[in-house]
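*Asks:* Structure for this input, please:
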Amino acid sequence: MIHKTITLIICLAIILTSCNSEVNTNPNEIKIGAILSLTNNDLSSPNQAMLEGIELAAEEINNNNNGGINGKILNIIYEDDHLSSKDAVTSSQKLLNVDKVSASLIGLSNTAKSAGAIFEAEKTPLIVLWDSNKDIENIGDYVYSIGFNTEDAGYIMADKLYSKGIRNVAVIEHLDEWSILISRSFIERFNQLGGKVKIHESLEISNNDFKTVIQKSKDTEAIYVPFVAHLAIFFKQAKELNYQGIIATGDSMNNDVILDSNGAAEGVYFTQLYIKENERIKNLRSNYIKKYGREPSMIEFNALGYDGVMVLVEAIKNLDDRDLQESIYKIQGFDGAAGITSFNKEGSASKYEKILVVKNNEAVESN
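*Replies:* Residues are numbered from 1 along each chain as shown. Modelled structure (predicted):
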């Protein structure tokens, strides 16, 4: 029923959305959209960090000697999709039909599929910041990604747990496309290694009572729980029930979740974007401190937002006789804050991930 509803919304939006083939509708500015999940969800903090990175990139471009992109001011138009496919569709329709953006950024793969169908139909580029995976690649030729690979995140966590001697696990996922995809990849690799998935449960995102499924998993050596929301609640309930195994999760884990867990996240393993120190990340950190008056707590997500803008700017600068879609595909070896961006023929430019573990209420790199 959910898929039918989303499909209907997309079809209506496509019908209502007028064609947007122009690179710019105002001679004095270039409009770019940014669809982020900023409120009413557990992923608001990393999305806010991406917004900050986008802002820093836009300011850098608009304050350069040329005064923008070839003399045209970069205008970022923000939309909040509330981690809702329906709202992502509405935001996409507004950006394309009302604002007439040349391209857009979107934070998450969770909402990129519904938004991407509309951008694909209108032949307007959409870049996914946080994720990169086969589901995004299959949307079409106008949807790109520069984040870290969802499938690889599942694979490397399976490798990690197996290397620690874990041979049986419980996998508890959300009924969410990202969560299901990363769980599927984890299960595939863990089975290949010779491990056994004893429990596999799928829960609604709204569910916040996990005691029954934790009790069912009490005899497993580890629980893999790549939730979209309520991770802190899960950790607390696992601690209350004295679960003795290892708990691992995906890249929805962040500093806010660790703090909200009140110590219950101690020892939890999770995957996160790996960024080597480089000049762009140093400059980004310095500019962040100047603008916001504090050290960045989510520099990886600042970097993804920053790079999303810079990749589009690079493509627009190099348009020549190409359209924007082709110009994006031509980007190879772009040295950004989050690493090198080189698009493959499917439109992905995946980044590397590392495994972190919570020690003394802080995330540190796992050995």
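*Asks:* which residues are contacting stretch 181-189?
*Replies:* Stretch 181-189 is contacted from outside by 133-135, 150-155, 157-159, 171, 173, 197, 200, 224, 226, 250, using CB atoms under 8 Å, 6 or more residues apart in numbering. From N, CA and C alone the C-beta is placed, and that goes for glycine too.
*Asks:* and if you look at stretch 191-207?
*Replies:* 158-159, 161-162, 166-176, 180, 183, 187, 190, 210, 213, 216-217, 219-220, 228-230.
*Asks:* Out of those, which sit inside strands?
*Replies:* Using DSSP state E, the subset of the contacts of stretch 191-207 located in strands is 168-174.
*Asks:* Got a quick ChimeraX command for the buried subset of those residues?
*Replies:* Per 16 or more other CB atoms under 10 Å, the buried members of these correspond to this ChimeraX selection:
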select :169,170,171,172,173,174
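*Asks:* Now flag whichever of the ones in strands among the contacts of stretch 191-207 is closest to N110.
*Replies:* Closest approach to N110 among the ones in strands among the contacts of stretch 191-207 (CB to CB): H174, at 9.6 Å.
*Asks:* isn't G336 right next to Y306, touching?
*Replies:* Yes: between G336 and Y306 there is a contact under CB atoms under 8 Å: 7.3 Å.
*Asks:* quick one, which of the two is more surrounded?
*Replies:* Legend: neighbour count by other CB atoms under 10 Å for G336 and Y306, higher for Y306 (30 against 25).
*Asks:* Quick one: classify that one as helix, strand or coil.
*Replies:* Look at Y306: counting by DSSP: H, G, I helix; E, B strand; the rest coil, its state is helix.
*Asks:* What sits closest to it if chain neighbours are left out?
*Replies:* Nearest-residue entry for Y306: G53, 3.8 Å, with adjacent residues in sequence omitted and distances by CB to CB, 6 or more residues apart in numbering.
*Asks:* how close does that neighbour sit to G305?
*Replies:* Noted for G53: a distance of 3 Å to G305, by CB to CB, to the nearest Å.
*Asks:* Could you list the low-pLDDT ranges of the chain?
*Replies:* Residues of the chain meeting the criterion pLDDT under 70: 1-26, 65, 321.
*Asks:* As a check, name the ranges of all helices in it.
*Replies:* Assigned by DSSP state H, the helices in the chain fall at 2-16, 44-62, 85-94, 109-121, 134-137, 150-163, 177-193, 211-216, 231-240, 255-260, 279-292, 299-317, 324-329.
*Asks:* I'd like these laid out as CSV, including distance to S342.
*Replies:* Converted to CSV, the helices of the chain look like this (distance: least, CB to CB, whole Å):
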stretch, distance to S342
helix 2-16, 30
helix 44-62, 19
helix 85-94, 27
helix 109-121, 20
helix 134-137, 15
helix 150-163, 16
helix 177-193, 22
helix 211-216, 41
helix 231-240, 32
helix 255-260, 30
helix 279-292, 16
helix 299-317, 11
helix 324-329, 10
